[in-house]
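In: coordinates only, no sequence provided:
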Ligand SMILES: NC(=O)c1ccc[n+]([C@@H]2O[C@H](COP(=O)([O-])OP(=O)(O)OC[C@H]3O[C@@H](n4cnc5c(N)ncnc54)[C@H](O)[C@@H]3O)[C@@H](O)[C@H]2O)c1
Ligand SMILES: CC(C)[C@H](C(=O)O)[C@@H](O)C(=O)O
Ligand SMILES: [Mg+2]
C-alpha cells in the first residue's frame, strides 16, 4: 500500500535552492522505491522571503510546516540581510520555526566516510573510526533568552540572557540517553559548570536522569576542554549532549572530522514524529549560484527524515548506502576534491546518488520500523 506523506520544502537563501533540489530528487526516488506518495509544498523562508513579502517567516510558510509530516530546509541568511533589524533577519525565521514546532532535540551525526580522511586537515590516524552524535538542545538557552539594547552613561549596552529550566534539560538528556542506547552507550554531557549557573543546573539534572539509564555511561566535560578533545581524540566520543550555543559551535568543529561541513546532516525533533531536516551548514554565499555546493548534507538529512519522521529505517539506510557508494567510487564535490582533481557539480553528484539508490534493495535484516 502506498504511504501518503506531506513534506514542506523551504529552499531559503544562497546555496539553499541548489542543495534542496538534490534532496528533493533523492526523496522522490526513495519514495518511488519504498512505496510513498508525497505531497510536496514549497514555502518561502529567510532573506528571499524578506525580499518578496517583507517577512522572513511568512504565515503561509508556518502553516504548511504545521500541516506537514516533515520539513526539508536548505539554509537561510547572507550578507544582503546582515544589517536588517532583528525581526527582519533571515536567521530569526529559522529560530522561530524551530521554537513554534517545538523541535527541542537537534541530532547532528558526524561520521567519517572511508576514503575522505585526506579531505580533512586533521591526520588520518586521528580520524579513523570517527562516529559521534551531537545532541544539541535547540529551543532554549541564550538563543531565546531576553535580549536588550540600552543607552547608558558610558555608552551603548547590549544584553543576552542564558536561561534553562530543569524540564528543558531533562527532556534533552533523556533523548541523548535513549539514542546512546542504540549506539555505544556513552554520553558526554558538555557544559561550563565551573562558571555558569545554568550549567550547574544542567549537570545536576544530567546526574539525576542518568540514574534511569544504568546501562549508559555518563561523563561530564567542560566545553573548552571538549572543543580540544573533539579534534584530539575524536573516537573517544559517542553521544555529546549540550546546550544550544555550545552545540552550534561544536557541531561545526566536528565537521572537520569528516572532511567538510558539506557532509553534515541534521534532524530536529520534538514530542511527535514531525521533524525539520536541514544541513548543519549555512547558505555559503561565497559559492551560491555556481552549482558547486556539496549536496550530501541535505541528502543525508532526507535519509534522517525517512528514519525519524516516517519510521522507515530501510529507506534511510538505502539513501545512506547510495551516498557511501558514490563516495567510494571516488566522486568528489569541490569542497572534498584534492587540488587539481576534477570535482562534480552539485547536480552531477545528486544524479550519481540517484543511480546508486536505484541499485539498492530493501535489506530484509533491517526491521522496517525505525529507532524513532
Ligand atoms: N541552518 C542555516 O540556515 C544556517 C546555518 C549556518 C549559517 N547560516 C547562515 O549562512 C550565512 C553564511 O554563514 P557562514 O559563512 O558562517 O557559514 P556557512 O556554513 O554558510 O559556510 C562556511 C564555509 O563552508 C562552506 N560550505 C558550507 N556549506 C557548503 C557546502 N554544502 N558545500 C561546500 N562548501 C560549503 C562555505 O563556502 C564557507 O566556506 C550566514 O548568513 C549565516 O547566518 C545559516
Ligand atoms: C543560522 C543560525 C541561526 C543557526 C544556529 O545558530 O542555530 C545555524 O548556525 C545552525 O547551526 O543551524
Ligand atoms: Mg551553526
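Out: Alright, I've got the coordinates. Because the structure is a prediction, the values reported are computed rather than measured. Ligands and ions are numbered 1, 2, ... in the order given.
In: sec struct for residue 339, please.
Out: coil (DSSP: H, G, I helix; E, B strand; the rest coil).
In: I'd like the numbering to begin with 781 instead of 1 from here.
Out: Sure, I'll start counting at 781 from here, so that last one is residue 1119.
In: neighbours of the residue lying closest to residue 929 once chain neighbours are set aside, how many?
Out: Nearest non-adjacent residue to residue 929, counting by C-beta to C-beta, 6 or more residues apart in numbering: residue 938, 5.3 Å away. C-beta coordinates here come from the backbone N, C-alpha and C atoms, glycine included. Residue 938: 8 surrounding residues under other C-beta atoms under 10 Å.
In: and residue 938, how far is that from ligand 2?
Out: Remark: distance between residue 938 and ligand 2 (C-beta to the nearest ligand atom, to the nearest Å) = 18 Å.
In: list the contacts of that residue.
Out: 927, 928, 929 (C-beta atoms under 8 Å, 6 or more residues apart in numbering).
In: return the backbone torsion pair for residue 915.
Out: phi -110, psi 110 (degrees, to the nearest 10).
In: hang on, the earlier thing: now tabulate the contacts of residue 938 in JSON lines and tack on neighbour count.
Out: Putting the contacts of residue 938 into JSON lines (neighbours: other C-beta atoms under 10 Å) gives the following:
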{"residue": "927", "neighbour count": "12"}
{"residue": "928", "neighbour count": "9"}
{"residue": "929", "neighbour count": "9"}
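In: now pLDDT, secondary structure and distance to ligand 1 too, for those, in CSV please.
Out: Conversion of those to CSV gives the following (pLDDT from 0 to 100; DSSP: H, G, I helix; E, B strand; the rest coil; distance: C-beta to the nearest ligand atom, whole Å):
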residue, pLDDT, secondary structure, distance to ligand 1
927, 97, strand, 16
928, 97, strand, 21
929, 97, strand, 20
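In: can you put these in CSV and add distance to residue 856?
Out: Formatted as CSV, those follow (distance: C-beta to C-beta, whole Å):
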residue, distance to residue 856
927, 19
928, 24
929, 23
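In: re the thing from before, confirm the residue nearest to residue 929 sits in a helix?
Out: No - assigned with three-state DSSP, residue 938 falls outside any helix and is strand.
In: who's in contact with the residue in the stretch 831-980 of the chain positioned nearest to ligand 1?
Out: Closest to ligand 1 within the stretch 831-980 of the chain is residue 857: 2.4 Å, counting by C-beta to the nearest ligand atom. Residue 857 makes contacts with 793, 794, 826, 827, 869, 870, 871, 1062, 1063, 1065, as judged by C-beta under 8 Å, 6+ apart.
In: what of residue 804?
Out: So residue 804 contacts 789, 820, 852 (C-beta under 8 Å, 6+ apart).
In: give me that answer again for 10 Å
Out: Residues in contact with residue 804 (C-beta atoms under 10 Å, 6 or more residues apart in numbering) are 787, 789, 791, 818, 820, 822, 852, 1078, 1082, 1130.
In: most neighbours, which of the residues you listed?
Out: residue 1078 leads the contacts of residue 804 on contacts (other C-beta under 10 Å) with 32 neighbours.
In: shouldn't it be in contact with residue 1099?
Out: No - Residue 1078 lies out of contact with residue 1099 (C-beta atoms under 10 Å); the separation is 11.1 Å.
In: any shared contact partners between these two?
Out: Counting by C-beta under 10 Å, 6+ apart, the contacts common to residue 1078 and residue 1099 are 803, 806, 807.
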